[in-house]
Every structure is written in structure tokens, then in C-alpha cells.
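Q: Predicted structure and sequence below. I'll ask about it afterward.
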Amino acid sequence: MTQLDAQSARLAGIGTAVPGTTYTQRQLLDMLAISDPRVRSVFLNSAIERRGLTLPDPAPDGAPVVESQGELLGKHSKQGLALGRQAVERCLVDAGAKLSDVRYLCCVTSTGFLTPGFSALLIKELGIDISCSRLDVVGMGCNAGLNALNAVAGWARSNPGELALMVCVEVCSAAYVFDGTMRSSVVNSLFGDGAAAVAVTMPGTAREDSEDTLTPSLLRFSSCIIPDAVDAMRYDWDDQQGKFSFWLDPEVPYVVGAHAPGALHRLLSGTGLLASDIDHWVVHSGGKKVVDSVRVNLGLTRHDVRHTTGVLRDHGNLSSGSFLFSYQRLMAEGQARKGDLGVFMTMGPGSTIEMALARW
């Protein structure tokens with residue numbers, strides 16, 4: 001074990017949750033009564049087969065029900081809490097830990113605003129000790145999972161032997177506007193609901209460190225913000241609809257892809273490592289064009305991003321928690337070996353690219 005590994009927090013468990021209601025892209029087009037061939041093409045060429053969503057039943061006449069902003073916020077709270085709880089419980093089982101072990105809870109979301117936030121609500125819902133430290137990261141978007149993981153890893157390093165949890169809770173259907181425009185259709189064709197929780201700890205003893213050799217250590221993090229593209233991905237108020245709504249610039253995939261090599265260079269700077277030394281790539285399922293652009297610009301193979309594209313196919317873009325769904329698939333695959341290196345990568349508003357280097 002290197003000195004860098006000795007100073008690194010470790011991922012000790014993973015758990016995810018999605019709604020029980022899922023829809024194919026064709027089912028959604030029929031539910032929304034979308035006949036515009038341009039919009040149908042966006043849905044059907046998204047590389048997404050099915051997504052978990054929390055949608056109201058159609059009206060008696062079959063027309064889609066329009067939810068008010070208040071109803072959307074209520075859905076964010078109720079469904080987010082349910083999904084977050086499931087993800088936490090599954091994560092603790094995977095980590096071999098109990099609720100009483102949790103000493104730090106960080107919750108991430110961008111699909112609604114609550115005060116108190118999900119951290120306080122989950123502590124009450126789950127019965128976590130009231131002395132548990134907590135943090136809510138709100139509104140950072142799809143990249144936020146790695147922003148928060150950096151903070152959680154820092155807490156773990158300062159508290160050896162203690163358990164921290166990060167929970168990404170994204171009820172993207174609570175941020176939908178259905179107005180038939182291409183702006184909203186791009187968003188509505190892409191995002192799904194889901195939550196992901198990851199357990200993070202800094203082994204307090206050499207014995208603890210050796211008990212599970214197939215959990216990765218988080219060696220370093222890096223950030224790259226692209227100020228010229230600050231408006232390319234945003235969640236803001238739509239005066240016409242009287243709701244918040246997402247906006248994605250069509251150039252986003254190419255902007256992110258073009259800056260990916262520089263972001264990777266910053267992550268690996270001073271390590272002596274090259275992209276070819278990385279064994280595993282855990283990339284945010286941002287969308288087909290985004291993933292393809294990142295893959296081409298970083299010289300990755302389709303095999304390298306197989307879990308990313310698999311999550312996109314089965315769940316759509318799950319915002320901040322997407323990369324953890326891919327990480328869970330990587331761990332379930334059982335191909336990681338001691339000493340393997342991995343890169344985690346998320347992209348989102350800012351525009352921002354976040355990366356982390358890990359070693360198993």
C-alpha cells in the first residue's frame with residue numbers, strides 16, 4: 001500500500017433505488033400524446049429503453065395531467081424520501097454496517113428545494129442518531145455527486161474508523177414541464193428518477209484496512225469549470241409555465257467532450273499515470289451524445305463505458321447519482337482486482353467536469 005493510499009478514504013458499500021413504475025420511451029410518447037416527428041425522434045434515438053418515473057395517471061379522457069409547481073415539490077419530497085431510504089438501507093447491508101454506525105450524512109439533490117433538507121428528513125425517517133453530522137448539497141446538478149463525495153471523503157479522513165454516507169436523491173419527474181416544445185422535450189426524453197447511497201470510511205487500523213481489499217480508495221479529486229458555458233445547462237424559472245424547468249444547450253456534448261482531456265490531465269498530473277493506465281471508467285450517464293463525445297475525446301472503447309451506457313439504457317440520466325449506478329454495476333461484475341486504477345467522472349452545470357482517481 002502506498003503512502004497516498006494510506007491517507008485515503010475508501011468506498012465501503014453501495015445501494016441504489018428506483019421507482020416501481022417504469023416506462024419505455026414509446027409508452028411515454030403515447031401517454032403525452034406526442035405526434036411531432038421531431039420530438040418522437042428525440043425520444044426514440046436517445047439510447048434509452050426504459051426509465052423509472054413518478055407520473056400521475058392520465059385524466060379520464062386520456063389526456064396527460066398537468067401538475068402544479070406545488071404538486072411537483074410535494075412529489076420531490078415524498079418520493080425522494082422513499083427512494084433515499086431504500087438506497088441507504090441497501091447501502092448499509094452492502095457495507096455490513098448498521099444505522100447506528102452512521103456518523104455523517106450528506107444528501108445531494110437538484111430536483112427540488114426543501115428546508116429542512118433530505119439529511120434532516122432521513123435522520124428522522126430512519127432513526128439515525130441525532131448527533132449525526134450532516135450536509136445538504138442542493139442545485140449543483142449532475143456533477144454534484146463527485147463534489148459531495150470529495151467533502152464526504154474529507155470528513156472520513158478526519159474521523160478514522162467512523163462511517164459517512166452520501167446519498168444522491170433525484171426525482172427528475174418533479175422537474176418536468178410538458179409543453180410540447182423542443183426545449184422541454186429534450187429534457188423529458190432523458191431523465192429518470194432514482195437514488196444512490198455510498199458508504200465512505202477511513203480505516204482506523206491496519207486490520208480494518210486489510211479486511212476488504214476490493215473496495216476502492218479515493219486517491220484524489222479534480223475539478224474543471226468552463227465559464228464560457230455557464231448557461232449551457234441550467235434549471236431556472238419558466239414564466240410561461242409558472243414552474244422551474246431544465247434547459248440543455250445542444251452544444252453541451254461537444255463542449256464537455258472537448259474539455260475532458262484537459263480535466264483528465266489535471267487529475268493525473270504528478271502521478272506519472274496515463275489514460276492507458278486506467279483499468280476502470282465510471283462515467284456519468286449524461287446522454288448518448290455526451291457519452292460518445294467523452295469516449296471519443298478520451299480515446300476510450302465502448303467496453304470502457306459499458307456500465308455507463310447500460311445505466312443510460314435501463315434508467316436514463318439519473319442526474320447526480322448516475323455514476324454510482326455505474327459503479328454498482330462495476331462492483332457486481334467482479335472484474336476489479338487489487339491494485340486496479342479507476343476514474344470517476346461527472347459532468348453538469350457550470351459547465352463543470354468533476355473527476356476522482358481511485359485504486360482498488
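A: Now that the structure is in, tell me what you want to look at. Numbers count the residues shown, from 1 in each chain.
Q: Quick check: which element contains the residue of the chain most remote from its centre?
A: Here the chain reaches farthest from its C-alpha mean at Asp61, the gap being 36.5 Å by C-alpha atoms, centre = their mean. Applying DSSP states H and E as the criterion places Asp61 outside every helix and strand.
Q: Tell me where the stretch 151-300 of the chain has helices.
A: 182-188, 206-211, 252-268, 288-298 (DSSP state H, counting those that start in this stretch).
Q: got the contact list for the last one?
A: By C-beta atoms under 8 Å, 6 or more residues apart in numbering, the residues outside helix 288-298 that reach it are 45-47, 252-254, 256-258, 260-261, 264, 275, 283-285, 300-302, 304-305, 308-309, 312, 345, 347. In short, each C-beta sits where N, CA and C put it, glycine included.
Q: From those, list the buried ones, please.
A: With neighbours counted by 16 or more other C-beta atoms under 10 Å, these contain buried members at 46-47, 252-253, 256-257, 260, 264, 275, 283-285, 300, 304-305, 308-309, 312, 345, 347.
Q: Those in strands, which ones?
A: 283, 345, 347 (DSSP state E).
Q: Which single one of those is nearest to Gln240?
A: Nearest to Gln240 among those, counting by C-beta to C-beta, is Met347 at 28.3 Å.
Q: Just confirm that closest one contacts Ala263, I think it does.
A: No - with contacts counted by C-beta atoms under 8 Å, Met347 stays clear of Ala263, the gap being 9.2 Å.
Q: rank the helices of the stretch 151-300 of the chain by pLDDT, which is bottom?
A: When the helices of the stretch 151-300 of the chain are compared on average pLDDT, helix 206-211 comes out lowest at a mean of 47.
Q: Tell me who's in contact with Ile34.
A: Going by C-beta under 8 Å, 6+ apart, the list of residues near Ile34 reads 40, 43, 180, 185.
Q: Pull out the buried members of those residues.
A: Neighbour counting by 16+ other C-beta under 10 Å classes 40, 43, 185 among these as buried.
Q: residue contacts, the residue nearest in space to the middle of the chain?
A: Compute the mean C-alpha point of the chain, and by C-alpha atoms, centre = their mean the closest residue is Gly321, 1.9 Å away. Counting by C-beta under 8 Å, 6+ apart, Gly321 touches 16, 108, 145, 168-170, 194-196.
Q: Any idea which helix or strand in the protein has the lowest mean pLDDT?
A: Lowest mean confidence among the helices and strands of the chain (mean pLDDT, DSSP states H and E): helix 206-211, at a mean of 47.
Q: need the helices of the stretch 151-300 of the chain in JSON lines with distance to Met331, can you?
A: Listed next are these as JSON lines, based on distance: least, C-beta to C-beta, whole Å:
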{"stretch": "helix 182-188", "distance to Met331": "30"}
{"stretch": "helix 206-211", "distance to Met331": "16"}
{"stretch": "helix 252-268", "distance to Met331": "21"}
{"stretch": "helix 288-298", "distance to Met331": "20"}
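Q: Out of those, which gets nearest to Thr54?
A: Among these, helix 182-188 comes nearest to Thr54, with 13.6 Å by C-beta to C-beta.
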